[in-house]
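**Student:** Quick check, what structure comes out for this input:
(chains A and B)
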Amino acid sequence: MLKSLTAGSGPLLRLTLRRDRLRLPLWVLGLSLFMTALVPVFQHLLIAGDNNQVFALMMENPAMVALVGPVYGAAHFHTGAAYANMMLVFCLIFTALMNIFLLTRHTRQDEEEGRLELIRSLPVGRLAGLSAALLEALLANVLLALLTGLGLYALRGTGMDLAGCLLFGGILGATGLVFAGLTAICCQLTANNRTATGLALGLLMFFYLLRAAGDIIGEALALLSPLGLALRSQVFVTNHVWPVFVLLLEAALLAALAMALASRRDLGQGLIPAHPGRAQAAASLSSPLGLAFRLSRISALVWAYALFILAGTYASVFGEMEAFITGNAMLSALFAASPDFSVTEQFIGLLTAVMAMLSAIPMLTTLARVVSEERQGRAEQLLGLPVARRQLLGAYLGIALVMSLVYPAIIALGFYGVGILVYPQTPALSTFLIASYSYVPALWVLLGLMALLAAALPRRLALGYSYLGFSFFAVYFGRLMDLPPWVQRLTPLGHVPAYPMEAFRAAPLLALTALALALIVPAFLLYRRRDVQTQ
Amino acid sequence: MPILNMNQVTKTFGTLKALDAVNLSVDPGEVYGFIGPNGAGKTTAIRVLLGILKATSGQATLFGRDAWQDAVELHRRVAYVPGEVSLWPNLTGGEVIDLFVRLRRGNKDSARRELLQRFDLDPTKKCRTYSKGNRQKVALVAAFATEADLYILDEPTSGLDPLMEEVFQDCVLEVKSRGKSVLLSSHILSEVEKLCDKVSIIRRGRIIETGTLAQLRHLTRTQVHAVTRQPLTGLQAMPFLHDLHQEGQRLSCSVEADHLGSLVTLLNDHGLMHLECAPPTLEQLFMSHYEREG
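**Tutor:** Have a look, this model is predicted:
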């Protein structure tokens, strides 16, 4: 029975591998490189700083435990222990992502685009497509496990023996297979590729949060998550192998369940019927602004959440930062410039600049949408209606401007809210608000530049992102590498007073606002004058 | 006064001349066919008329006003269905229709419901799941659900099945019966033949022929099949006959429209027993233009 259901899996697997002859090696090589290349950095940082204990203390902070997992081997916090603590959970997430995309691509996506129908008309079993995809996942995860394990051993630092390195790889491969199985099930439940991918990604996030909760409030909860289970291997510390076996068993059960579900459903259908959407539009969807809001609201919320979490994560180490930085030669050089201010205060200035620049990414992508909507041929339909060009540009610019006013508050709240919990000397909320809002006019200049590019040089929109990248380089590394001051002057963010280290001054901010206006006004005039970009 | 007018409109993209001194004029109440192969410039001409592209030279007007300058005002009276309908993947068809109807400030709920039924479209599905035909239906429902004075339809049926094509043709005829104008770009000639009062043929950015269908037919040859009592002789000498096939008393040939009368007289003199005259189909008309122009 099973044999006839999976007939043709072999040739299909060869087809799958041939189609992925570039993609699969890139994923596997890229991931194993990412997972091993940072070992020397850790080794250098921990030996040069000679502050392993402070580092371990910092990682034992509940916020960091929630972020990356529990600390094992804190007593002798060698490179291996630190590396597994900081990196393993991220490596697991990337491996899970590889498996999710690999599985959906070769099952649901093939089915959606009609390729599977063609194959099913051949003497091929009903489960051949799914089993070929699962076999490819098996191959990919085994390769990834071996490459990562051997790569880690090649670059090994203190405390990283061969058994530990191979266990690190094995844990990745086994967790990857669990997510391959989970994704295979998602692909049977939902009726299209996007929903299946969304469901699998949702599960990944759920298991990450379950692990975070479990790591803080109770071990049993963490074991329910494959990610939590994987961390219990205590790689490079006690090297437990049992989690690998449990994960492999889970993966096998999930794959079997996926097969059972797949044999029970029709081609092109999902076990959970797709729920119908709204037949009529909400009242808010009646203007270009309403449409732009509808299209960007999810990503705007996700970014708000991400910025809050990131600011909170930085703030969670305010207390230990002082000790850590004074103990690290490289970092204390960076922060020793002004003896009048505490390390934390200097740290806040730099962190606020970094967060402001990160928050510029969603603003720029929202504004850039005005051009991508043209290229996709959708703007043409709106402009065929009584809709003015300025309404389209205005809608996306308007939403980006609202982001520029809301995100600084979220960043300041993230810093203050978490900071005050872990570090009593955290400055007042107003300090964070002033520091954060000082960057708003500079963000407006970036937006003005992007608007002008969209209006005058729509094909060169990438210049806007490049300029943000340059700004990051100039502001962040400007201090570290002691670049001449004029480098920072080339970006609007370099003109913002670094409050609280520098006094708040209104003059540069007013000048930046004027500059932003001087970019935005011609953008509207030029956008009216050019051809709409068409397909 | 024409509702839609293009006067010597030229549009270049870099060195490519997409439109070359195009003239086009649609009168009130007229259904106007705009035919030509892919890449001939139909869509570019329509985009110029909608103020989406700016004419390099010449003038395009709708309702007597400049199509570029007054685009927003003019579009209150225009309904447009693009050739390639791309929609927002995470909005439902119903949401898109409502958005379009509201942006034109029309609000005819009954018309929307009826059109959804006639076009057999499920408005609760996300646009990403729609086929090309269903995306076209979304745009068609949105266009016909509001009252416009001019409907600009760019190959609106290229993804529709024959049943839906029929519904579409009914919609066009209803609009026409209310005295509205339609510019219908197409390469489905039977559709143009069925719906249009006047036709322009565009090729490589130039209008190569304009007129009513009757006028255009006049420019070409009529297909004739005949049987006579006495065998015909000397036909080869007649310069207005083409594709001549003679087999005893049977004759088949094509004849230039102006000389149809002289051929019929000749046949009659030889004891005409059977006569079939077929007007050229638009297909033949089209092909003959393309062959002639090389």
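
**Student:** only C-alpha atoms for contact and neighbour calcs from this point on.
**Tutor:** Noted.

**Student:** Report how many residues lie close to the residue of the stretch 151-294 of chain B found nearest chain A.
**Tutor:** Closest contact between the stretch 151-294 of chain B and chain A, by C-alpha to the nearest C-alpha, is at residue B:152 (9.6 Å). If you count neighbours by other C-alpha atoms under 10 Å in any protein chain shown, residue B:152 ends up with 22.

**Student:** So it is in contact with residue B:83, correct?
**Tutor:** No. Counting by C-alpha atoms under 8 Å, residue B:152 does not reach residue B:83; the two are 10.4 Å apart.

**Student:** and for stretch A:185-197, what are the contacting residues?
**Tutor:** A:100-101, A:104-105, A:107-109, A:112, A:183, A:199-200, A:254-255, A:257-258, A:261-262, A:265, A:268-274 (C-alpha atoms under 8 Å, 6 or more residues apart in numbering or on different chains).

**Student:** I'd like to know which of these are buried.
**Tutor:** A:100, A:104-105, A:107-109, A:112, A:183, A:199-200, A:254-255, A:258, A:261-262, A:268-271 (16 or more other C-alpha atoms under 10 Å in any protein chain shown).

**Student:** Where does pLDDT dip in the stretch 401-535 of chain A?
**Tutor:** Scanning the stretch 401-535 of chain A for pLDDT under 70 picks out A:479-482, A:535.

**Student:** How about residue A:212: what's its closest non-neighbour residue?
**Tutor:** Distance criterion C-alpha to C-alpha, 6 or more residues apart in numbering or on different chains; nearest residue to residue A:212, sequence neighbours excluded, is residue A:66 at 4.4 Å.

**Student:** where's the one helix or strand the one you found maps to relative to the chain centroid, distance-wise?
**Tutor:** According to DSSP states H and E, residue A:66 maps onto helix A:62-68. Offset of helix A:62-68 from its chain centre (C-alpha atoms, centre = their mean, to the nearest Å): 17 Å.

**Student:** residue contacts, the residue nearest to residue A:212?
**Tutor:** When contacts are counted by C-alpha under 8 Å, 6+ apart, residue A:66 touches A:211-213, A:215-216.

**Student:** before we move on, what about residue B:154?
**Tutor:** B:42-43, B:46, B:80-83, B:184-186.

**Student:** ok, now how distant is the residue of the stretch 101-250 of chain B found nearest chain A from residue A:277?
**Tutor:** Nearest to chain A, among the residues of the stretch 101-250 of chain B, is residue B:124, at 4.5 Å (C-alpha to the nearest C-alpha). Residue B:124 sits 5 Å away from residue A:277, going by C-alpha to C-alpha, to the nearest Å.

**Student:** try residue A:389
**Tutor:** Residue A:389 sits 30 Å away from residue A:277, going by C-alpha to C-alpha.

**Student:** How about the secondary structure of residue B:231?
**Tutor:** Assigned by DSSP: H, G, I helix; E, B strand; the rest coil, the conformation of residue B:231 is coil.

**Student:** and chain A, which of the contacts of residue B:154 contact it?
**Tutor:** Among the contacts of residue B:154, proximity to chain A is found for B:80-82 (C-alpha under 8 Å from any C-alpha of the partner chain).

**Student:** quick one: which of the residues you listed is nearest chain A?
**Tutor:** If you rank these by distance to chain A using C-alpha to the nearest C-alpha, residue B:80 comes first, at 6.1 Å.

**Student:** The closest one against residue A:384, yeah?
**Tutor:** Yes. With contact defined as C-alpha under 8 Å, residue B:80 counts as touching residue A:384 (6.1 Å).

**Student:** Touching, the residue of the stretch 101-250 of chain B closest to chain A and residue B:96? I think so.
**Tutor:** No. In this structure, residue B:124 is not within contact of residue B:96 by C-alpha under 8 Å, at 10.6 Å.

**Student:** per-domain residue ranges of the chain.
**Tutor:** No chain specified, so I'll use chain A. A:2-38+A:89-262, A:288-527 (automatic domain parsing).

**Student:** Hmm, no, I was thinking of chain B.
**Tutor:** When chain B is parsed with automatic domain parsing, its domains come out as B:4-216, B:219-293.

**Student:** mind putting those in TSV, mean pLDDT and distance to residue A:410 included?
**Tutor:** Compiled in TSV, the domains of chain B are given as follows (pLDDT from 0 to 100; distance: least, C-alpha to C-alpha, whole Å):
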stretch	mean pLDDT	distance to residue A:410
domain B:4-216	92	28
domain B:219-293	82	65
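
**Student:** For those, state which one has the densest average packing.
**Tutor:** domain B:4-216 (a mean of 20; mean count of other C-alpha atoms under 10 Å in any protein chain shown).

**Student:** Lovely, talk soon.
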